[in-house]
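Peer 1: This is the structure alone, sequence omitted:
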């Protein structure tokens, strides 16, 4: 793989590299790691890359890599930049024949996401979107149970993502992560809802297999003079008649990354939380509660395909991230060999998830800042 962003001064790039390397399917061969050429060069040295494969701009990287012989040039690029620098490098990569991994949200605007899908359809290449929480084995087992009808028809969905790290105005202290996430010019029209609300929305649709059709929302800015929302909640209507509640906040002081989802059907419900990732709790209408554990009592094919260690060894955030990279790489490898990827290989978020995420942002912003609470059809700007 090649990489755009992810220099030695960045956070998420290191996570992407650890995830990509975990299964010995991928190696880093080139990159433009920063808009600062010196940081890009120094990062390339830290990553033990030859000088001629460390580039000053991503445009230079795509042009020069495309001219290298097959087997030497990169096969895909991982783009780990702030939101406003997703679309242009992704389009240029596809135009030069390279598959793409993108951090979420997929683009800066919905229009860009739609154009990206059109380019993917035109090229036949592969794109993965790193909605990490759908990579956990327990989440995949939950999805399979719902799809098999174990819970009956789904009626209620509660999904929440509380964080506390933006409880004060960190963006004024030089914190880079806070600075770009609260800047509309770099993050987009949503703050908290774009950053972590999209994760909650994707997780709800992924596990249930349902689509949100309407929502009613409120967005808040609690920290004075912050430019984007740092808190919000939405009522959801799904396409099968189910109802849901979504909450995302970055001002819940003391909370870390406490994403949790509960899904209830006619026969029972399930409960999963990211800070106890190996456990899936099942509650039944007429049977005792069950506690399933990754590596021991989750035997579905989709869960075991994404499990690396015996029971009792946590399958955590890095492993979930790595499952996206591994399934993406297996899919790319199969296509390169003119083989049909298996269902397990194809189980990673892609451009459709990205478009849904951008539609969620547009809809929740439209609904969330209106003084009068009202239902807004999904996808309305």
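Peer 2: Cool, got the structure. Being a predicted model, the structure only gives us computed values, none of them experimental.
Peer 1: Next, residue 292: secondary structure please.
Peer 2: The three-state label for residue 292, taken from DSSP: H, G, I helix; E, B strand; the rest coil, comes out as strand.
Peer 1: so what's the residue lying closest to it once chain neighbours are set aside up against?
Peer 2: Setting aside the residues directly before and after it, residue 292 is nearest to residue 280 in space (C-beta to C-beta, 6 or more residues apart in numbering), at 4.5 Å. For the C-beta atoms, the positions are set from N, CA and C on the backbone; glycine is no exception. Taking C-beta atoms under 8 Å, 6 or more residues apart in numbering as the definition of contact, the neighbours of residue 280 are 138, 141-142, 270-272, 291-293, 298.
Peer 1: what do you get if the cut-off is 6 Å, keeping everything else the same?
Peer 2: 138, 142, 272, 292 (C-beta atoms under 6 Å, 6 or more residues apart in numbering).
Peer 1: Find the helix or strand that it is a member of.
Peer 2: Secondary structure assigned from DSSP states H and E places residue 280 in strand 279-284.
Peer 1: re earlier: in the contacts of residue 280, which residue is surrounded by the most others?
Peer 2: Neighbours were tallied for each of the contacts of residue 280 (criterion: other C-beta atoms under 10 Å), and the maximum of 28 neighbours falls on residue 142.
Peer 1: That residue is in contact with residue 271, isn't it?
Peer 2: No - under the criterion of C-beta atoms under 6 Å, residue 142 lies out of contact with residue 271, with a separation of 9.2 Å.
Peer 1: residue ranges of the helices in the stretch 151-300 of the chain, please?
Peer 2: 176-181, 184-187, 192, 198-208 (DSSP state H, counting those that start in this stretch).
Peer 1: Burial-wise, tell me which of these comes out on top.
Peer 2: Each of the helices of the stretch 151-300 of the chain was scored by mean neighbour count; the highest is helix 192, a mean of 27, by mean count of other C-beta atoms under 10 Å.
Peer 1: for it, what is the average pLDDT?
Peer 2: Regarding helix 192, the rounded mean pLDDT is 98.
Peer 1: cool, and stretch 63-75?
Peer 2: When pLDDT is averaged over stretch 63-75, the result is 96.
Peer 1: how far does it sit from the chain's center?
Peer 2: The gap between the average C-alpha position of stretch 63-75 and the chain average comes to 28 Å, counting by C-alpha atoms, centre = their mean, to the nearest Å.
Peer 1: Equivalent analysis for stretch 13-24, please.
Peer 2: Taking mean C-alpha positions (C-alpha atoms, centre = their mean), stretch 13-24 and its chain are 15 Å apart.
Peer 1: How about residues contacting it?
Peer 2: For stretch 13-24, the surrounding residues in contact (C-beta under 6 Å, 6+ apart) are 5-6, 26, 78, 80, 318, 321-322, 325-326.
Peer 1: redo that, cut-off 7 Å
Peer 2: With C-beta atoms under 7 Å, 6 or more residues apart in numbering as the contact definition, stretch 13-24 has outside contacts at 1, 3, 5-7, 26, 28, 78, 80, 318, 321-322, 325-326.
Peer 1: Filter those residues down to the ones in strands?
Peer 2: Among the contacts of stretch 13-24, the ones falling in strands (DSSP state E) are 3, 5, 78, 80.
Peer 1: Report the secondary structure state of residue 329.
Peer 2: In three-state terms, and counting by three-state DSSP, residue 329 is helix.
Peer 1: Distance of the residue lying closest to it once chain neighbours are set aside relative to residue 139?
Peer 2: Nearest in space to residue 329, with sequence neighbours left out and distances taken as C-beta to C-beta, 6+ apart, is residue 25 at 4.4 Å. For residue 25, the distance to residue 139 under the criterion C-beta to C-beta, to the nearest Å works out to 21 Å.
Peer 1: cool, and residue 286?
Peer 2: 26 Å.
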